[in-house]
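In: Predicted model follows, preceded by the sequence.
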Amino acid sequence: MNNNFLSGKKVLVMGLGRFGGGVDAAKFAACCGADVVVTDLASQEELTDSLSQLNDCPNIEYHLGSHDETDFENADIVIANPAVPLNNKFLKIAAACGNIVTSQIAIFFTLCPAPIIGITGSNGKSTTTALSAHILRGAKNTQYQTVWLSGNIGNEPLLMLLDKIKPNDLAVLELSSFQIEQLAAESRFIGAPQVALLTNLLPNHLDRYETFENYCRAKELLFENQKPQENNPAISIFNRDDNIAMQWYDRYKNQPNRKCLLYSSDDVSATTRACFNLPGRCNLANLAAAMTIAEVFGVEQNDIEECLPDFHALPHRLQFIAEHNGVRWFNDSKATTPEATIAALEAFDEKIVIIAGGYDKQLPFDELAKIIAQKARAAMLIGTTAQKIKSAVEAAAGKNVSIEICDTLADAVSAANRIAQKGDVVLLSPACASYDMFDNYEQRAEQFIDLVKKL
């Protein structure tokens with residue numbers, strides 16, 4: 001396959017997405033000379049932001065508000081958004097007609113001329129991916145010319161990078177479980193990255209996978225489909241502090257032509273910690289992971305420590321916003337699981353006023369409630385899960401925690417400002433997705449930042 005394989009073909013992009021998940025694929029297909037149709041269940045009004053990113057591609061046809069079986073029957077190639085399950089009935093229609101069903105991530109792996117590093121997990125994968133790229137870019141003694149950062153991290157382009165990436169570059173990708181499933185569906189042709197890393201595994205996306213075991217299975221496909229070769233061994237990197245990661249390490253460590261490595265937050269020396277700006281043990285684990293990747297590619301310790309002071313928290317991940325009347329406000333809107341919020345709470349020694357709640361992904365809040373009961377002065381709860389979190393905190397003997405259910409994020413910020421005392425931290429760390437009140441976690445974060453700056 002090369003860039004010309006789409007030229008003159010009828011390409012159907014399934015799922016433009018309100019967050020722009022299909023924009024890169026649509027642009028790429030159009031630039032390759034394909035006849036492109038984009039289909040999405042959402043309406044034109046709901047997709048305004050995504051459609052605006054395709055204004056420079058006038059040759060794309062849009063079928064919005066529903067899917068038409070005829071589109072899938074007539075397409076030569078269907079490129080499915082990661083949010084589309086593999087068993088979707090329209091994808092089955094396309095496959096039954098002998099049409100190619102593929103994905104953005106599978107096309108990238110097929111066409112990318114450079115080595116790929118794939119990073120996945122439940123928490124910390126975005127920070128680990130960005131930090132790995134940052135360290136590799138700052139290295140002085142590697143053979144790689146340019147380090148590219150992409151995948152499931154923000155709105156970074158993927159396929160549109162292919163014309164720029166050279167064989168002596170490196171591509172560092174964050175990979176979601178959805179993308180890994182899409183990649184594995186074509187693994188007999190593609191495989192997986194020669195270097196793959198797991199941050200941790202905690203319950204997530206149970207609204208799609210139903211069980212934690214199914215979710216873990218989707219993640220493990222990344223390592224299962226690595227293709228160890230005698231002259232190019234697969235490198236699999238696991239977190240020593242995660243139980244399931246250690247099970248996988250034991251499973252793969254004795255495979256021929258595969259090198260398995262372990263890392264832990266305890267591996268980070270005091271000297272290196274002093275160079276690092278991000279708070280909390282969770283970020284030390286992210287740093288240890290990134291350092292392990294850097295060492296695989298020959299980066300020396302001095303180079304790592306030299307570039308760390310220039311790395312700052314990614315937007316919406318324990319991001320410091322402002323200090324107001326002696327209270328520090330932090331935006332951790334990307335924390336969409338209870339475990340991510342637990343990690344955020346444990347990053348601070350101060351008393352915390354937490355703002356949490358949102359869309360219900362059917363995840364348990366019992367463990368989060370225990371930590372809130374221990375560390376929080378107050379909890380301002382919003383969204384569909386507000387009452388569930390309140391009940392869990394009260395059951396965890398959280399009688400010393402002041403709990404308020406708020407109708408809006410603005411109400412929660414106002415209440416937090418009223419209750420927080422000098423020296424406290426106010427932390428937006430929802431433990432939930434945002435879809436009940438916002439388009440995405442970024443919109444939630446932007447509103448929070450705006451509200452805090454107006455205090």
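Out: Done, it's in. Keep in mind that this is a model prediction, so the values were computed, not measured.
In: so where do the strands sit in the stretch 201-350 of the chain?
Out: With DSSP state E, counting those that start in this stretch, the ranges of strands along the stretch 201-350 of the chain come out as 234-239, 258-263, 319-324, 327-331.
In: Need those in CSV (columns: mean neighbour count, distance to Phe276 and mean pLDDT).
Out: The C-beta positions use only the backbone N, C-alpha and C, and glycine is treated the same way. Conversion of the strands of the stretch 201-350 of the chain to CSV gives the following (neighbours: other CB atoms under 10 Å; distance: least, CB to CB, whole Å; pLDDT from 0 to 100):
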stretch, mean neighbour count, distance to Phe276, mean pLDDT
strand 234-239, 24, 18, 97
strand 258-263, 18, 15, 98
strand 319-324, 14, 15, 94
strand 327-331, 23, 17, 97
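In: Would you convert those strands into a markdown table that also reports distance to Glu213?
Out: Putting those into a markdown table (distance: least, CB to CB, whole Å) gives the following:
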| stretch | distance to Glu213 |
| --- | --- |
| strand 234-239 | 18 |
| strand 258-263 | 22 |
| strand 319-324 | 33 |
| strand 327-331 | 33 |
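In: Compare those strands and report which one is nearest to Tyr249.
Out: When the strands of the stretch 201-350 of the chain are compared by CB to CB, strand 234-239 sits nearest Tyr249, at 4.4 Å.
In: Looking at the protein, which helix is longest?
Out: For the chain, the helix with the greatest residue count under DSSP state H is helix 281-296.
In: on contacts alone, who are the packing partners of that one?
Out: strand 116-120, helix 125-138, strand 195-198, strand 234-239, strand 258-263, helix 270-273, helix 301-307, helix 338-345 (3 or more CB pairs under 8 Å, 6 or more residues apart in numbering; DSSP states H and E).
In: If you compare the directions of that helix and helix 338-345, what angle comes out?
Out: Helix 281-296 runs at 100 degrees relative to helix 338-345, counting by axes from the mean of the first three to the mean of the last three CA atoms, to 10 degrees.
In: pLDDT below threshold where in the stretch 51-200 of the chain?
Out: Low-confidence segments of the stretch 51-200 of the chain (pLDDT under 70): 154-155, 188-189.
In: Helices of that one, start to end?
Out: 69-74, 89-96, 104-111, 125-138, 177-185 (DSSP state H, counting those that start in this stretch).
In: for the third one, packing partners?
Out: This means helix 104-111. If contacts are counted by 3+ CB pairs under 8 Å, 6+ apart, helix 104-111 sits against helix 23-31, helix 177-185.
In: now do 7 Å
Out: Helices and strands touching helix 104-111, by 3 or more CB pairs under 7 Å, 6 or more residues apart in numbering; DSSP states H and E, are helix 177-185.
In: same check, this time on the second one
Out: Using 3+ CB pairs under 7 Å, 6+ apart as the contact criterion, the elements in contact with helix 89-96 are helix 69-74, strand 77-80, strand 100-103.
In: ditto for the longest one
Out: Packing partners of helix 125-138 (3+ CB pairs under 7 Å, 6+ apart): strand 116-120, strand 147-151, strand 170-174, helix 281-296, helix 301-307.
In: what's the closest of the ones you listed to Leu318?
Out: For Leu318, the closest of those is helix 281-296, at 7.4 Å, according to CB to CB.
In: How about residues contacting that closest one?
Out: With contact meaning CB atoms under 7 Å, 6 or more residues apart in numbering, helix 281-296 is reached by 117, 123-124, 127-128, 131-132, 135-136, 139, 195, 197, 199, 235, 237, 239, 241, 261, 263-265, 267-268, 273, 276, 304, 343, 346-347.
In: Just the buried ones out of those residues, please.
Out: Neighbour counting by 16 or more other CB atoms under 10 Å classes 117, 123-124, 127-128, 131-132, 135-136, 139, 195, 197, 199, 235, 237, 239, 241, 261, 263, 265, 267-268, 276, 304, 343, 347 among these as buried.
In: Just the buried positions in stretch 181-189, please.
Out: For stretch 181-189, a neighbour-count test (16+ other CB under 10 Å) marks Glu181, Gln182, Leu183, Ala184, Ala185, Glu186, Ser187 as buried.
In: tell me the contacts of the last one?
Out: By CB under 7 Å, 6+ apart, the contact list for Ser187 reads Asn225.
In: do that again at 8 Å, thanks
Out: Applying CB atoms under 8 Å, 6 or more residues apart in numbering to Ser187 gives the contacts Leu221, Asn225.
In: and if you look at the third one?
Out: Applying CB under 8 Å, 6+ apart to Leu183 gives the contacts Ser103, Ile105, Ala106, Phe109, Leu175, Ile190, Ala192, Leu221, Leu222, Asn225.
In: Redo the residues you listed as JSON lines? Include distance to Ser391.
Out: Shown next, in JSON lines, are those (distance: CB to CB, whole Å):
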{"residue": "Ser103", "distance to Ser391": "40"}
{"residue": "Ile105", "distance to Ser391": "39"}
{"residue": "Ala106", "distance to Ser391": "43"}
{"residue": "Phe109", "distance to Ser391": "45"}
{"residue": "Leu175", "distance to Ser391": "35"}
{"residue": "Ile190", "distance to Ser391": "46"}
{"residue": "Ala192", "distance to Ser391": "42"}
{"residue": "Leu221", "distance to Ser391": "36"}
{"residue": "Leu222", "distance to Ser391": "37"}
{"residue": "Asn225", "distance to Ser391": "42"}
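In: Write a PyMOL command that selects only the buried members of these.
Out: In PyMOL syntax, the buried subset of those is picked out as below (16+ other CB under 10 Å):
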select buried, resi 103+105+106+109+175+190+192+221+222+225
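In: So which of the contacts of Leu183 is the closest to Ile403?
Out: Using CB to CB, these come closest to Ile403 at Leu175, 37.3 Å.
In: wait, isn't His134 in contact with Glu306?
Out: No: counting by CB atoms under 8 Å, His134 does not reach Glu306; the two are 11.5 Å apart.
In: quick one, which of those two is more surrounded?
Out: For the pair His134 and Glu306, the greater number of neighbours falls to His134 (20 against 15), based on other CB atoms under 10 Å.
In: got a list of what that one touches?
Out: His134 sits next to Ala290, Cys307, Asp310, Phe311 when contact means CB under 8 Å, 6+ apart.
In: Likewise for Val452?
Out: Ile321, Ala322, His324, Trp329, Asn331, Val413.
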